[in-house]
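>>> Generate a structure from the sequence data that follows.
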Amino acid sequence: MNIFALLKRTFDTEEKIMITNGEINEDGAEFIINPYDEYAVEEAIKLREQHGGEVTVISVGNEETQKQLRTALAMGADKAVLINIEDDVENSDQVTTAKVLATYLQDQDPDLIIAGNVAIDQASGQVGPRVADLLDIPYVTTITKIEIAENKVTATRDVEGDEEIIETTLPLLVTAQQGLNEPRYPSLPGIMKAKKKPLEELELDDLDLEEEDVEAKTKTIEVYLPPKREAGKVLKGEIADQVKELVHLLHEEAKIV
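Numbering: from 1, shown residues only. Down below sits the predicted model:
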């Protein structure tokens, strides 16, 4: 089975975000594999262990993304591909990423593509479905379980507190939700092996793409942190008096009623 896992480099979830001149300051920040993409990589490896084949992790980013791809190789992926657009694309968005990924994948004959449900930095959840649409293959989002028997796929997806079971066929793209699996930690032997596994680096020219072909459809005007939360108030006294005070505060101070 030819399996691809889509991976994004994101801020460490414990990282304190700093804003400078309306942009995120990345100086000295720690980066990791997007946690939802870790589920995707883990599931790709598990399915290869069950059905055979090869797992390729692929990312659109910059030179620094090699570190996260090597981590995925240490987890057990067979090879990695980095499409470096840093020098070719001034502004990018989900449309850019999806177009680049789909252009690469269209010649790779994938059986299964697994992406994270969302990226924790922007949380749009667009890239996976957009890639599937460009490749003209079915997709199932937010899966918490997947079973494959020959060409038949049964996927269980999370639907906000309930679940939906969908049957479809390969080739297919799915996006991984929390609960799909427990990603493994790279072992020391895995880390040593990862150094010898192939990591191919490509640019737009290698895909016969120009910057106009992957032009962003959105533009970030400014990034800012939410306002500092003020201290809460504790209402005391009889319940009836508390209700009156609460309504008064919501009306006069919060101005939401």
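>>> pLDDT at the residue located most distally from the centre of the chain, what is it?
Ranked by distance from the centre of the chain (CA atoms, centre = their mean), the top residue is Glu238, with 49.5 Å. Glu238 carries a pLDDT score of 91 in this model.
>>> Next: Gly61.
Predicted confidence (pLDDT) for Gly61: 91.
>>> How about it: which residues does it bridge to?
Asn84 (DSSP bridges).
>>> Within its sheet, name the partner strands of the least confident helix or strand in the chain by mean pLDDT and how each one runs.
Lowest on mean pLDDT, DSSP states H and E among the helices and strands of the chain sits strand 23-24, with a mean of 74. Counting by DSSP bridges, the strands paired with strand 23-24 are strand 19-20 (antiparallel).
>>> now the strand it pairs with: how far from the chain's centre is it?
Strand 19-20 sits 24 Å away from the centroid of its parent chain (CA atoms, centre = their mean, to the nearest Å).
>>> what ranges do the helices span in the stretch 101-250 of the chain?
Assigned by DSSP state H, counting those that start in this stretch, the helices in the stretch 101-250 of the chain fall at 127-135, 188-194, 239-249.
>>> Tabulate those in TSV, adding columns for distance to Ala155 and mean neighbour count.
(Glycine included, C-beta is placed from N, CA and C.) As requested, the helices of the stretch 101-250 of the chain are exported to TSV (distance: least, CB to CB, whole Å; neighbours: other CB atoms under 10 Å):
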stretch	distance to Ala155	mean neighbour count
helix 127-135	13	21
helix 188-194	28	13
helix 239-249	45	12
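>>> Could you identify the helix or strand that succeeds the least confident helix or strand of the chain?
strand 31-33 (DSSP states H and E).
>>> I'd like the next helix or strand past that next one.
Following strand 31-33 in sequence, per DSSP H and E, is helix 35-51.
>>> for that next one, packing partners?
Packing partners of helix 35-51 (3 or more CB pairs under 8 Å, 6 or more residues apart in numbering; DSSP states H and E): strand 2-6, strand 54-61, helix 66-75, strand 112-116, strand 139-149, strand 172-176.
>>> And the pLDDT for the nearest residue to Val159 once chain neighbours are set aside?
Distances taken as CB to CB, 6 or more residues apart in numbering place Thr142 nearest to Val159, at 7.5 Å, with adjacent residues excluded. Note for Thr142: predicted pLDDT of 95.
>>> which residues does Tyr139 form a beta bridge with?
For Tyr139, the beta-bridge partners under DSSP bridges are Leu173.
>>> For Lys195, see how far away it is.
Remark: distance between Tyr139 and Lys195 (CB to CB, to the nearest Å) = 34 Å.
>>> These two - which one has more neighbours?
Each of Tyr139 and Lys195 has its neighbours counted (other CB atoms under 10 Å); Tyr139 has more, 20 against 10.
>>> Show the contacting residues for the more buried one.
Gly128, Pro129, Ala132, Asp133, Leu172, Leu173, Val174, Thr175 (CB atoms under 8 Å, 6 or more residues apart in numbering).
>>> again, but for Gly52
Contacts of Gly52 by CB under 8 Å, 6+ apart are Met1.
>>> And for the one 5 residues further on?
Counting by CB under 8 Å, 6+ apart, Val57 touches 4-7, 41, 44, 69, 72-73, 77, 79-81.
>>> who wins for most neighbours among those residues?
Neighbour-wise, those (other CB under 10 Å) top out at Ala72, 31 neighbours.
>>> between the contacts of Val57, which is nearest Leu225?
Leu7 (27.0 Å; CB to CB).
>>> still on that earlier bit, could you dump the helices of the stretch 101-250 of the chain to CSV with distance to Asn151?
Below are the helices of the stretch 101-250 of the chain laid out as CSV (distance: least, CB to CB, whole Å):
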stretch, distance to Asn151
helix 127-135, 17
helix 188-194, 31
helix 239-249, 59
